[in-house]
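A.B. asks: after the sequence you'll find the predicted model.
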Amino acid sequence: MLARLYLRASTNEQDASRARAELEAFATERGLTIAAAYAENESGSTLSRPELFRLLSDARPGDVLLIEQVDRLSRLTAADWQKLRVQLDARQVRVVAMDLPTSWMLTAVSTDDFTGRMFSAINGMMLDVLAAVARKDYEDRRRRQAQGQAKAKEEGRYRGRIEDVKRNEGIASMLKAGISWTQIQNATGASRATVAKIAKRKI
């Protein structure tokens with residue numbers, strides 16, 4: 001059985017590959033062959049994740065999508081999570097998360113069709129639950145952050161993030177030259193959200 005490691009971090013200041021060694025050890029313990037690893041720095045709240053969809057494009061029926069935690073795969077809205085689930089189901093990819101023990105059973109080859117279907121159904125239900133929890137956690141943190149910023153503004157303490165003008169001018173030049181967003185991210189270390197914001201300024 002082949003495993004494809006998916007490693008995600010939200011910002012460029014975080015190490016997307018941090019959990020790779022742990023995932024590799026997990027795969028080895030369960031006799032999985034690692035086909036490839038896909039790492040990216042993108043928010044889990046968006047479906048705009050090139051490496052995740054490259055993984056899905058590469059995957060074959062029965063492959064394992066191995067993640068450290070469910071929130072590495074999704075902090076999506078309910079609607080976007082369902083879109084991703086459709087993609088996973090269509091490709092017959094098995095999602096196994098180290099923080100979801102019920103999913104570990106999917107790494108075993110079962111000759112019992114009934115048992116296999118039961119494990120898949122249970123795991124799908126638990127994935128839905130944890131994806132909803134991850135989204136709620138994301139929304140709660142965003143709300144607390146906004147409340148903190150509002151209070152700081154009232155007290156005259158909030159200055160906001162200082163813009164990296166030189167870097168952003170470079171991004172604008174690269175966009176004008178027709179360089180892809182992914183290449184720009186790799187060259188500058190900027191997030192996809194930053195590239196998108198600068199792209200809008202051009203209009």
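C.D. replies: Received it, and whenever you're ready, just let me know what you need. On a predicted model such as this, the values are computed, not experimentally measured, just so you know.

A.B. asks: break down this protein into its strands, ranges please.
C.D. replies: 2-9, 33-41, 64-67, 94-97 (DSSP state E).

A.B. asks: buried deepest among the ones you listed, which one?
C.D. replies: For the strands of the chain, the largest average neighbour count (mean count of other C-beta atoms under 10 Å) is found in strand 64-67, namely a mean of 24. Backbone N, C-alpha and C define where each C-beta goes, glycine included.

A.B. asks: what's the spacing between the helix ranked longest in the chain and its chain's center?
C.D. replies: Looking across the chain with DSSP state H, the single longest helix is helix 113-154. Between the centre of helix 113-154 and the centre of its chain there are 13 Å (C-alpha atoms, centre = their mean, to the nearest Å).

A.B. asks: how near is Ile67 to Lys166?
C.D. replies: 36 Å (C-beta to C-beta, to the nearest Å).

A.B. asks: hmm, back to that, show me what the longest helix of the chain is packed against.
C.D. replies: helix 70-73, helix 78-90, strand 94-97, helix 101-104 (3 or more C-beta pairs under 8 Å, 6 or more residues apart in numbering; DSSP states H and E).

A.B. asks: which among these is found nearest to Asp140?
C.D. replies: Across those, Asp140 has its closest neighbour in helix 70-73 (12.7 Å, C-beta to C-beta).

A.B. asks: mind listing residues that contact the closest one?
C.D. replies: Applying C-beta atoms under 8 Å, 6 or more residues apart in numbering, the external contacts of helix 70-73 come out as 6-8, 19, 44, 52, 65, 67, 84, 95, 97, 99-100, 127, 130-131, 134, 137-138.
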